[in-house]
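# what's the 3D shape of this:
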Amino acid sequence: MEEILNDSGTFLPPLSLLVYLVKEKKEKRKKESRRGTKIDSILPKISHCCFKGRKVIMDPNDRPVMVTGRHKDQCVRWDCIRMPIRALEYCCEGCQEMAASDSQTNLPFLLSDVYSSTTQFALIAGKIFNLIRAGKETGVPQLSQDVFQVPPCQSGLFSVEFSAWESFRQWLFLGLSHIPANSDFHWEEDRSKMIAEVRHRVFKPFPREDNIWELHQYSSLNLMGKAVYVMRCNKFGQPLSAGEDDGTDSD
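Now for the predicted structure:
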């Protein structure tokens, strides 16, 4: 495909090329250039074959951004849905820098009340596992096994200063799939189920002084030894509801 210049004389990358052409057509009919005619002739094939399942949104600076719900086509950073130029790459230097910074911290990533559905998050965990197998830095911090050996309210890692609009809080981190125990405190498995190729387990703290803490473990048979964890604290002492847990658990 030939490159094309925008009005400022800047070469547009392949993904932005389609966005630029569509936007120009909608805003004003301009006199076609020799290159523009050639690009327009292949535009229907591009939109049908290369951009299926994807859409264009405008970022805060009113610039078009290509996003996709297909995890394998997304940016390498775990929570970014933008499309990179090539698969298994970052969409921009900013995402690469954030992923490197977040991965090196010794604090869990605060999710707040995002991803209340365990089925929804299991798909995110699947993306993270695929990227780890590919040797990519996803931006998920990895904590030591010490995090499992003390009650979460005493670890100093999980702040429970809730905002007025929060009914629960969640924190994301990577760890080993084996959860250690000691004589004073440990996590007991409460329920378990398979979601696609991801095993989801819910653990409760013991001794259980309240009913506000839950540890969610997501593991994969294709990546033994590691797991994605979400620590959850419920503001009002209520366990995860059936609706949020997406159905009945099974062994």
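# name the nearest residue to residue 115, sequence neighbours excluded.
Distance criterion C-beta to C-beta, 6 or more residues apart in numbering; nearest residue to residue 115, sequence neighbours excluded, is residue 121 at 4.3 Å. All C-beta atoms are positioned from the backbone trio N, CA, C, and that covers glycine.
# list the contacts of the one you found.
115, 216, 218, 230 (C-beta atoms under 8 Å, 6 or more residues apart in numbering).
# strands - which of these land there?
Filtering these for membership in strands, criterion DSSP state E, returns 216, 218, 230.
# buried sites along whichever helix or strand the residue nearest to residue 115 is part of?
With elements taken from DSSP states H and E, the one containing residue 121 is helix 118-133. Buried residues in helix 118-133, counting neighbours by 16 or more other C-beta atoms under 10 Å, are found at 118-119, 121-132.
# centre of the chain to it, how far?
8 Å (C-alpha atoms, centre = their mean, to the nearest Å).
# what's in contact with the helix or strand just after that helix?
Later in the chain than helix 118-133, the nearest helix or strand by DSSP H and E is helix 152-155. For helix 152-155, contacts defined as C-beta under 8 Å, 6+ apart pick out 147, 158, 160, 205, 213, 215, 231, 233.
# the second one belongs to a helix?
The one in question is residue 158. No: using DSSP: H, G, I helix; E, B strand; the rest coil, the assignment for residue 158 is coil, not a helix.
# ranges for the helices of this protein?
Taking DSSP state H as the test, the helices found in the chain are 14-27, 34-45, 93-104, 118-133, 152-155.
# can you flag the weakest of the ones you listed by average pLDDT?
Ranked by mean pLDDT, the helices of the chain bottom out at helix 34-45, with a mean of 36.
# confidence-wise, which helix or strand of this protein is lowest on average?
Using mean pLDDT, DSSP states H and E, the weakest-scoring helix or strand in the chain turns out to be helix 34-45, at a mean of 36.
# any weak-confidence spans in the stretch 151-251 of the chain?
Along the stretch 151-251 of the chain, segments meeting pLDDT under 70 span 209, 237-251.
# strands of that one, residue ranges please.
Remark: strands assigned in the stretch 151-251 of the chain by DSSP state E, counting those that start in this stretch are 168-176, 186-195, 198-206, 213-220, 226-234.
# related to what we said a few turns ago, measure the residue nearest to residue 115 to residue 171 for me?
13 Å (C-beta to C-beta, to the nearest Å).
# and residue 102, by the same measure?
12 Å.
# joint contacts of those two?
What both residue 102 and residue 171 touch, as defined by C-beta under 8 Å, 6+ apart, is the set residue 109.
# more neighbours: these two, which one.
residue 171 (22 against 19; other C-beta atoms under 10 Å).
# which non-adjacent residue is nearest the more buried one?
Nearest residue to residue 171, sequence neighbours excluded (C-beta to C-beta, 6+ apart): residue 108, at 3.7 Å.
# just give me the neighbour total for residue 199.
Residue 199 has 18 neighbours, counted by other C-beta under 10 Å.
# kindly report the same for the one 5 residues further on.
Each residue near residue 204 was counted by other C-beta under 10 Å, and the total is 15.
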